[in-house]
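Novice: Based on what follows, work out the 3D shape:
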Amino acid sequence: GTEGRPGDEVQPGTEVRPGDEVQPGTEGRPGDEVQPGTEVRPDDEVQPGTEVRPGDEVQPYTEVRPGDEVQPGTEVRPEAELHLETVVQTDAEVQPDTEVQTDAGIQPDDITQPDPSGGVVVITGATGFIGSNLARVFLEHGSVVYALVRPGSKNRTALPVHENLKVVDCGLEHVEDCIPVIGHADAFFHLAWGGVNREEIDSPQVQARNVAGSLECVRTAARLGCGIFMDAGSRVEYGAVDGMMQEDVECHPINQYGKAKWEFYQKAAPLCRELGLNYFHLRFFSVYGYGDHPWSIISTLVRDLRRDKKVSLSACRHQWNFMYIEDAVQAVYELYRHGRADGAPYSHIVNIAGSDTRPLRSFVEEIHEIAGGRGELEYGTFVQAKEGALSIRPDITRLCRLTCGDWKERYTFRRGIEETIEKEEA
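Specialist: Prediction:
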């Protein structure tokens, strides 16, 4: 009932009982208890608008948001960060003596949120088109990347230059030799595969060696303590499919390369489950960009049309799908980020493709137009491979779902071609 005059001080430790009035202008020192209804001025230690509940102790300079409960004795550092999207329940408790680290952010739904740390990853085929670009993306995100490279490989110049890139001389026939060098890793990306040229693509012996070496990669990943194993599958595993190519349709591969890729998946899925690895079998469709095989249709058109040459083509009437390399490797990176949840190991086949599916001739004509109309297109003069002119219509619903919407295709076909030409000319 005592009336406190402006300028009076309430000494620390003074007990103020419910119903007492503390007049505006009362100076409260850090550590004092402030009852509901107290006016806190802008230059006081507690910021305007702060809701302080009976019995709460607020440390100097700490910002407490309306509805948060801070238990007595809790140390809250000035730079501790609460993310805007975080919902703090009114009954949530921070236990006494809990230390909140200065760089810690409270993320919503920790179980489903991806781990943002780069980690340590292993990549086979890192000197290849997809592998070198994937290594670059992981390095850009702070990862340590171990690139397993065949001894004597002539493609080492394709590797990105970075202090966190570690090159290990190791072929698939002795992939386990990398274990003492690496020690531990978080994920293993197996992109190496021999016999992709026309001379060996139908060789049962070459493809059988690929399957055996790839299964050793799975075992090596487990011995390294990896939580994730990903490998490069292929669209040719599907064979001839009417309609959309969804990952769960029955596969009828035509050549030995496609049969070997499909055989590996069927053996790798149960092996990964047995060894406790989350497994992604990545079915790449037609990925293009600077550094692709020089005999690919995109590389040929971009190079030869600008030199005013003739390009021999099929009739190009079947449906096709292209994906720019930057979109492809970002999709793989997002799968990695979202694929490290705890729980029982799982396996997924995932189509890695773009959203733009149309007749192949439409893509060819667009490149011709971007090249300024130079060169000449000769349709119907190219001899098809064994599988013939098969239409491809990939479904990428699963890719979008597994990346929780964080992966989005950023490159139109035109933009990807223009960037490829710019890099070629540079």
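
Novice: any chance you could map the helices in the stretch 51-200 of the chain?
Specialist: Along the stretch 51-200 of the chain, counting by DSSP state H, counting those that start in this stretch, helices occupy 129-140, 179-182.

Novice: Which residue ranges of the protein form strands?
Specialist: 120-124, 144-149, 165-169, 187-190, 228-234, 278-284, 286-288, 310-312, 319-324, 347-352, 357-359, 376-378 (DSSP state E).

Novice: just to revisit the earlier point, please name whichever of the helices of the stretch 51-200 of the chain is nearest to residue 297.
Specialist: Set against residue 297 and scored by C-beta to C-beta, those come closest in helix 129-140, at 14.2 Å. (C-beta placed from N, C-alpha, C; glycine too.)

Novice: List the buried residues of the closest one.
Specialist: Within helix 129-140, the residues that count as buried by 16 or more other C-beta atoms under 10 Å are 129-139.

Novice: cool, and stretch 403-411?
Specialist: Of the residues in stretch 403-411, 403, 407, 409, 411 count as buried by neighbour count, 16+ other C-beta under 10 Å.

Novice: which ones are touching the residue lying closest to the second one once chain neighbours are set aside?
Specialist: Across the structure, with C-beta to C-beta, 6 or more residues apart in numbering as the measure, the residue nearest residue 407 apart from its sequence neighbours is residue 334 (4.1 Å). Contacts of residue 334 were listed using C-beta atoms under 8 Å, 6 or more residues apart in numbering, and they are 403, 406-407.

Novice: Kindly report the same for residue 361.
Specialist: 315-317, 379.

Novice: buried subset of these?
Specialist: Of the contacts of residue 361, these count as buried by 16+ other C-beta under 10 Å: residue 316.

Novice: circling back to that earlier point, residue 253: which of the helices of the stretch 51-200 of the chain is closest?
Specialist: Closest to residue 253 of the helices of the stretch 51-200 of the chain, according to C-beta to C-beta: helix 129-140, at 20.1 Å.

Novice: same question for the closest one, mean pLDDT?
Specialist: On average, the pLDDT along helix 129-140 is 97.

Novice: Number the residues from 15 up from this point.
Specialist: Shifting the count to begin at 15 puts that one at helix 143-154.

Novice: Distance from the chain centre to that helix, please.
Specialist: 11 Å (C-alpha atoms, centre = their mean, to the nearest Å).

Novice: Check stretch 227-246 too.
Specialist: 18 Å.

Novice: quick one: contacts for the spatially closest residue to residue 174 that is not a sequence neighbour?
Specialist: Of all residues not flanking residue 174 in the chain, residue 150 sits nearest, at 4.3 Å (C-beta to C-beta, 6+ apart). Neighbouring residues of residue 150 by C-beta under 8 Å, 6+ apart: 174, 176, 343.

Novice: if we go to 10 Å?
Specialist: Neighbour list for residue 150: 140, 159, 173-176, 179, 340, 343 [criterion: C-beta atoms under 10 Å, 6 or more residues apart in numbering].

Novice: I'd like to know how far it sits from residue 426.
Specialist: 22 Å (C-beta to C-beta, to the nearest Å).

Novice: can you tell me how far residue 249 sits from residue 353?
Specialist: On the measure of C-beta to C-beta, residue 249 and residue 353 end up 21 Å apart.

Novice: so residue 344 touches residue 417, yeah?
Specialist: Yes - counting by C-beta atoms under 10 Å, residue 344 sits close enough to residue 417 to count as a contact (9.3 Å).

Novice: Can you tell me which of the buried residues of helix 143-154 lies closest to residue 229?
Specialist: Closest to residue 229, out of all of the buried residues of helix 143-154 and judged by C-beta to C-beta, is residue 145, at 19.1 Å.

Novice: Give me the distance between the closest one and residue 162.
Specialist: With C-beta to C-beta as the criterion, residue 145 and residue 162 are 10 Å apart.

Novice: which neighbours do these two share?
Specialist: 137-139, 203-206.

Novice: which pair in those residues spans the largest distance?
Specialist: Taking every pair in these and measuring C-beta to C-beta, the maximum separation is 9.8 Å, between 203 and 206.

Novice: where are the low-confidence patches of the protein?
Specialist: Applying pLDDT under 70 to the chain flags residues 15-132, 355-357, 399-402.

Novice: again, only using 90
Specialist: 15-132, 166, 168, 185-187, 208-216, 256, 353-359, 396-404, 440 (pLDDT under 90).

Novice: returning to that earlier point: kindly point out which residues are neighbours of both of residue 203 and residue 206.
Specialist: Common contacts of residue 203 and residue 206 (C-beta under 10 Å, 6+ apart): 137-140, 145, 162, 231, 245-246.

Novice: circling back to that earlier point, with distance to residue 321 as extra columns, can I get the contacts of residue 375 in JSON lines?
Specialist: Converted to JSON lines, the contacts of residue 375 look like this (distance: C-beta to C-beta, whole Å):
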{"residue": "329", "distance to residue 321": "24"}
{"residue": "330", "distance to residue 321": "20"}
{"residue": "331", "distance to residue 321": "26"}
{"residue": "393", "distance to residue 321": "19"}
